[in-house]
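Participant: Attaching a predicted model along with its sequence, questions to come.
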Amino acid sequence: GNSVTQMEGPVTLSEEAFLTINCTYTATGYPSLFWYVQYPGEGLQLLLKATKADDKGSNKGFEATYRKETTSFHLEKGSVQVSDSAVYFCALARGYNKLIFGAGTRLAVHP
Amino acid sequence: ETGVTQTPRHLVMGMTNKKSLKCEQHLGHNAMYWYKQSAKKPLELMFVYSLEERVENNSVPSRFSPECPNSSHLFLHLHTLQPEDSALYLCASSQTFLGRKGTEAFFGQGTRLTVV
């Protein structure tokens, strides 16, 4: 079946450090892939998306590339800020109204 | 207002109470969803409505009863809940089916439900 696996958190970084959050998926065909972010006390916000192989989604300094050969969609940012502290969810959309989420990765950035 | 709005933001209810969660979207979308977010568990899809018709019910207990009176409003009616139903309940909407390329879901801020 379709599934998403994310690296377990929490991830703790110092400000300006490089961030990678790994995400791999299992799905048939070519699902759309997403990263959502959830700030404390809030709902989920779309961070970026990609719809086909080799697409790169980017937003607010975050990037992720749709890798069909490795079934991955890793999230990266070159220099994190304290305000990036949140929970990050990788997700795929496949089939009829199916949005399947990973378990989420908590990121804590310290000054 | 814009986006997806959920009320109330916080709700505490006893196991014998009846309450309702409300969701309203101002985006002109055709599909709406209820998700449950529990601690240390992935988000669980509960219900999907498309054009006001329920198209999916993921084996949710009958103590949760959804209602979609029009394409802008979605309710989740709650009765005789259990403490393990305490969670963040998220509403979302999308322009069209989530399986269509690149269609994204827009989420509300959620209702934090505590069952005592």
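Facilitator: Now that the structure is in, tell me what you want to look at.
Participant: if you go through chain A in chain order, where are the strands?
Facilitator: In chain A, the strands defined using DSSP state E lie at A:3-6, A:11-14, A:19-21, A:23-26, A:32-38, A:44-50, A:56-59, A:62-65, A:75-77, A:86-93, A:99-101, A:105-110.
Participant: Tell me which other helices or strands the fourth one touches.
Facilitator: To tie it back to what came earlier, the one meant is strand A:23-26. Contacting strand A:23-26 under the criterion 3 or more CB pairs under 8 Å, 6 or more residues apart in numbering or on different chains; DSSP states H and E are the following elements: strand A:3-6, strand A:86-93. The C-beta positions use only the backbone N, C-alpha and C, and glycine is treated the same way.
Participant: and of the strands of chain A, who's closest to B:H26?
Facilitator: Across those, B:H26 has its closest neighbour in strand A:44-50 (16.2 Å, CB to CB).
Participant: what lines up beside the closest one in the sheet?
Facilitator: Strand pairing for strand A:44-50, using DSSP bridges, gives strand A:32-38 (antiparallel).
Participant: what sits up against the partner strand?
Facilitator: A:23, A:25, A:44-51, A:57, A:62, A:64, A:66, A:73, A:75, A:86-94, A:99, A:101, A:104, B:101-104, B:107 (CB atoms under 8 Å, 6 or more residues apart in numbering or on different chains).
Participant: Which of the helices and strands in the chain ranks last by mean pLDDT?
Facilitator: All of this is about chain A. Least confident helix or strand, chain A: strand A:99-101 with a mean of 88, by mean pLDDT, DSSP states H and E.
Participant: Chain B was what I was after
Facilitator: Min over SSEs of chain B, mean pLDDT, DSSP H and E: strand B:53-57 (a mean of 75).
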